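Visitor: Sharing a sequence plus its predicted fold:
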Amino acid sequence: MTALLVAVFGGLGSLARYGVSGIVQRSGRSSFPAGTLVVNLTGAFLGGALAGLAYGHAVNEMVLAAAGAGFLGGYTTFSTWMVETVLAAEAGGRSGTRRATVNLTAHLAGGLALVVVGFAAGSSL
Amino acid sequence: MTKSAPPTPTIASRRRLAVAAGGALGAAARWSVAATAGAVGFDTPAATLTVNVSGAFLLGLVVARHTGRFRASPLLIPFVGVGLLGAFTTFSLFSTEVLALARDGSWALAVVYPIVSVAGGFAAAFLGLRMGARR
């Protein structure tokens, strides 16, 4: 039953990622993979908020699985982040290396900062 | 009264459907890997590291195959790449796990886990792209 919920919400989260990253990517002219970055950073914030909420309150296990492992798990992605980083690095030149480095550090620094902010926000609710 | 033809799904809506269906399968697969890992006594970071690194390798393979001579269905990337492997891997769980390790006071793991994830994921994606590009 829980696995089914995770699947349904994972499908919805993936659809949201497809929509959001497409809008972000189309709104800029740069080939920098900003769509995946925006999705992953917002997902890290929401994941932190959910963890904070579950820390301060008794949240139903099924709701946690559906929202966390399902929706946010499907909304965010690690594989696309990695492949886009390798492709940027392989594009060559200084700008390629710079894009790959920025993509790695922005994800790590931004993701970890936002998960902390999200946790603080969620646990104060 | 003429019988109206069923609406033809546009390519955009078929892509969305492929993303959602692949995403549902990918999330369920990740959930079962985590459940299996938990059953044999591994913590969630180990399960997440496994899906993230293997998913990065597989996406590299798929992307390289698709952009090479081998062009399959236009729904292959939305279904397998964006949906299945996108949802199989996760950044939100990865981030919350790092936070949880730090909050538990496992500082060494909180530093090592992201480094191993990124180094492993990068190497796996690189390898997948290379292997996929070969004949």
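Guide: Done, it's in.
Visitor: can we go C-alpha only for contacts and neighbour counts from here?
Guide: Noted.
Visitor: For B:Met131, give its distance to B:Ala18.
Guide: B:Met131 sits 25 Å away from B:Ala18, going by Cα to Cα, to the nearest Å.
Visitor: Quick one: mean pLDDT for the biggest helix by length in chain A?
Guide: Criterion DSSP state H: the longest helix present in chain A is helix A:93-123. On average, the pLDDT along helix A:93-123 is 95.
Visitor: do stretch B:106-117 as well
Guide: 96.
Visitor: buried residues in it?
Guide: In terms of neighbour count (16 or more other Cα atoms under 10 Å in any protein chain shown), stretch B:106-117 has its buried residues at B:Ala110, B:Tyr113, B:Pro114, B:Ser117.
Visitor: And for stretch A:112-125?
Guide: Under 16+ other Cα under 10 Å, the buried positions of stretch A:112-125 are A:Leu112, A:Ala113, A:Leu114, A:Val115, A:Val116, A:Val117, A:Gly118, A:Phe119, A:Ala120, A:Ala121, A:Gly122, A:Ser123.
Visitor: do stretch B:120-135 and chain A meet?
Guide: Yes: applying Cα under 8 Å from any Cα of the partner chain, one finds stretch B:120-135 touching chain A at B:Gly121, B:Phe122, B:Ala125, B:Phe126.
Visitor: just how off-centre is the helix or strand where the first one lies within its chain?
Guide: Per DSSP states H and E, B:Gly121 falls inside helix B:107-133. Helix B:107-133 has its average C-alpha position 13 Å from the chain's average C-alpha position, going by Cα atoms, centre = their mean, to the nearest Å.
Visitor: before we move on, what about stretch A:93-109?
Guide: Distance of stretch A:93-109 from the chain centroid (Cα atoms, centre = their mean) equals 17 Å.
Visitor: for stretch A:43-58, same thing?
Guide: 14 Å.
Visitor: List the buried residues of it.
Guide: Buried, per 16+ other Cα under 10 Å, within stretch A:43-58: A:Gly43, A:Ala44, A:Phe45, A:Leu46, A:Gly47, A:Gly48, A:Ala49, A:Leu50, A:Ala51, A:Gly52, A:Leu53, A:Ala54.
Visitor: so what's the first one up against?
Guide: For A:Gly43, the contacting residues are A:Leu72, A:Tyr75, A:Thr76, B:Phe91, B:Ser92, by Cα atoms under 8 Å, 6 or more residues apart in numbering or on different chains.
Visitor: any idea how far the last one lies from A:Phe78?
Guide: The reference is to B:Ser92. 9 Å.
Visitor: Chain A contacts on chain B?
Guide: Counting by Cα under 8 Å from any Cα, chain B sits next to chain A at B:16, B:19-28, B:31-32, B:52-53, B:55-57, B:59-60, B:82-83, B:85-93, B:95-96, B:98-99, B:118, B:121-122, B:125-126.
Visitor: helices or strands next to the longest helix of chain A in the packing?
Guide: Contacts defined by 3 or more Cα pairs under 8 Å, 6 or more residues apart in numbering or on different chains; DSSP states H and E place helix A:93-123 against helix A:34-56, helix A:79-90, helix B:92-103.
Visitor: Show me what the following helix or strand past the first one is in contact with.
Guide: In the C-terminal direction, the helix or strand that comes right after helix A:34-56 (DSSP H and E) is helix A:61-64. With contact meaning Cα under 8 Å, 6+ apart, helix A:61-64 is reached by A:Thr2, A:Leu5, A:Leu50, A:Ala54.
Visitor: which parts of helix A:61-64 are buried?
Guide: Quick answer for helix A:61-64 (16+ other Cα under 10 Å): A:Leu64.
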